[in-house]
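Chemist: Just to be clear, the model below is a prediction. Sequence and coordinates:
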Amino acid sequence: MNPNHSSDTNTNTITKEIFIECRTETLFSFFTDPDKLVRWMGRHVLLEPSIGGKYRIDVNGSDIAMGEYKEIIPNEKIVMTWGWEKSKIVPPGSSTVEFRMTPKGNGTLLQLTHYDLPESEIASHQQGWTHYMARIQSFAQGQDPGIDPWSEQAMH
C-alpha cells in the first residue's frame, strides 16, 4: 500500500494522497452524507452539500470546523472553505480544502489539498489530516474506525 506522503513545495499548502479500496461513489458519500462523515470525523455534523451550502463539524465540543461548499463534482471533486469557529488565526472561510477522487485499480486515489493556511497552523492541520485520512480509509474499506479519540479532547 501507498503510505501518506506529502510534499512541501509550498509553505502554506498541505497535500496528502491515500489509496482506498472502494469505489469513488462510496468515498464521495463520506463527504456529503452527515451520517457517514460523522463516523470518521467529528461528534456532530451538519451538512448542506450544495454550492454555497454550509457545513459545521463539531470535533470535540470546543473545536468546530465551519465553512461552505465551493465546488462539487459528483464522485470526483469537492472544494470547501475551512476554518474554526472562534479562531482568530484560521477563522471560517479563511482557508480552502480540496478533495479529489480518482478511480485507480480496485479503488480510489484520494488527494487532499489544504490551501491558504497560516504557517503556524501547518503542523497541527498536517497532523489532523493524517489522523482523519487514516480513519476515512479504514471506514471506506469496511472496518469500523471506532469513536474518534480526538472527539474527547480539545486540540486548540
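Modeler: It's in.

Chemist: For stretch 70-77, which outside residues touch it?
Modeler: With CB atoms under 8 Å, 6 or more residues apart in numbering as the contact definition, stretch 70-77 has outside contacts at 24-25, 27-28, 32, 49-51, 78-81, 96, 98-102. Bear in mind the C-beta positions are built from the backbone N, C-alpha and C, glycine included.

Chemist: Among those, which are located in strands?
Modeler: 78-81, 96, 98-102 (DSSP state E).

Chemist: The chain: helices as residue ranges?
Modeler: With DSSP state H as the criterion, the chain has helices at 24-32, 34-37, 122-140.

Chemist: For those, state which one has the densest average packing.
Modeler: With neighbours defined by mean count of other CB atoms under 10 Å, none of those is more surrounded on average than helix 24-32, at a mean of 19.

Chemist: on that earlier part again, and the furthest pair within the ones in strands among the contacts of stretch 70-77?
Modeler: Farthest pair in those (CB to CB) is 81 and 102. Separation: 22.8 Å.

Chemist: So for the two, which residue has more residues nearby?
Modeler: Between residue 81 and residue 102, counted using other CB atoms under 10 Å, the more crowded position is residue 81 (19 against 14).

Chemist: In contact with the nearest residue to the more buried one once chain neighbours are set aside, which residues are there?
Modeler: Leaving aside its chain neighbours, residue 81 sits nearest to residue 67 (3.8 Å; criterion: CB to CB, 6 or more residues apart in numbering). Contacts for residue 67 (CB under 8 Å, 6+ apart) come out as 54-55, 80-83, 92-93, 97.

Chemist: which of the residues you listed count as buried?
Modeler: Buried members of the contacts of residue 67, counted by 16 or more other CB atoms under 10 Å: 54-55, 80-83, 92, 97.

Chemist: can you redo these as a markdown table with distance to residue 113 and pLDDT?
Modeler: Converted to a markdown table, these look like this (distance: CB to CB, whole Å; pLDDT from 0 to 100):
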| residue | distance to residue 113 | pLDDT |
| --- | --- | --- |
| 54 | 21 | 97 |
| 55 | 18 | 97 |
| 80 | 12 | 97 |
| 81 | 13 | 97 |
| 82 | 11 | 97 |
| 83 | 16 | 97 |
| 92 | 19 | 95 |
| 97 | 7 | 98 |
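
Chemist: Thank you, goodbye.
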